[in-house]
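1. starting from these lines, generate the structure:
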Amino acid sequence: MSSPHDAQEQVNWHWRNTTRPMRFFSMDSRAALPYLILLPYARPISLAFCVISTIIFVILEKHGLTFPSALRALRHTMVGEKRYALARIRRRRMRDLG
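-> Take a look at the predicted model:
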């Protein structure tokens, strides 16, 4: 027999899955965003773009990268390791006042 505590826990099970990413045909649903381009602009080149982007994100997910972490890795590759808080023009320079 289940106790009243177990019944209360079963009522709250749905809260456990609220932070999990939504899935669309076994991939992260955010990786399917290029298909929104395909709806208003249905051309062979946009279909190719959608298929290629889906293949890329499926491969990245097989290697353990989620959609947001793949975008962060791409940004890291493009920008590099040093990311300054201020633009180069606005950074203060050292001056010798003596």
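2. so the spatially most central residue of the chain is in which element?
-> In the chain, the residue lying closest to the centroid (Cα atoms, centre = their mean) is Pro68, at 1.9 Å. Assigned by DSSP states H and E, Pro68 falls within helix 67-79.
3. in that helix, what counts as buried?
-> Under the neighbour-count criterion of 16 or more other Cβ atoms under 10 Å, helix 67-79 has Phe67, Ala70 buried. The C-beta positions use only the backbone N, C-alpha and C, and glycine is treated the same way.
4. cool, and stretch 24-32?
-> Residues of stretch 24-32 classed as buried by neighbour count (16+ other Cβ under 10 Å): Met27, Asp28, Ala31, Ala32.
5. farthest-separated two in the residues you listed?
-> The most widely separated members of those, counting by Cβ to Cβ, are Asp28 and Ala32 (7.9 Å).
6. pLDDT below threshold where in the protein?
-> Applying pLDDT under 70 to the chain flags residues 1-17, 83-86, 91-92, 97-98.
7. what ranges does it have for its strands?
-> Listed in chain order, the strands found in the chain under DSSP state E are 23-24, 27-28.
8. now distance to Pro44 too, for those strands, in JSON lines please.
-> Below are the strands of the chain laid out as JSON lines (distance: least, Cβ to Cβ, whole Å):
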{"stretch": "strand 23-24", "distance to Pro44": "23"}
{"stretch": "strand 27-28", "distance to Pro44": "22"}
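9. and the ones you listed: which comes nearest Val58?
-> Nearest of the strands of the chain (Cβ to Cβ): strand 27-28, 5.7 Å.
10. off-centre distance for that closest one?
-> Strand 27-28 has its C-alpha centroid displaced from the chain centroid by 10 Å (Cα atoms, centre = their mean, to the nearest Å).
11. what's the longest helix in this protein?
-> helix 44-62 (DSSP state H).
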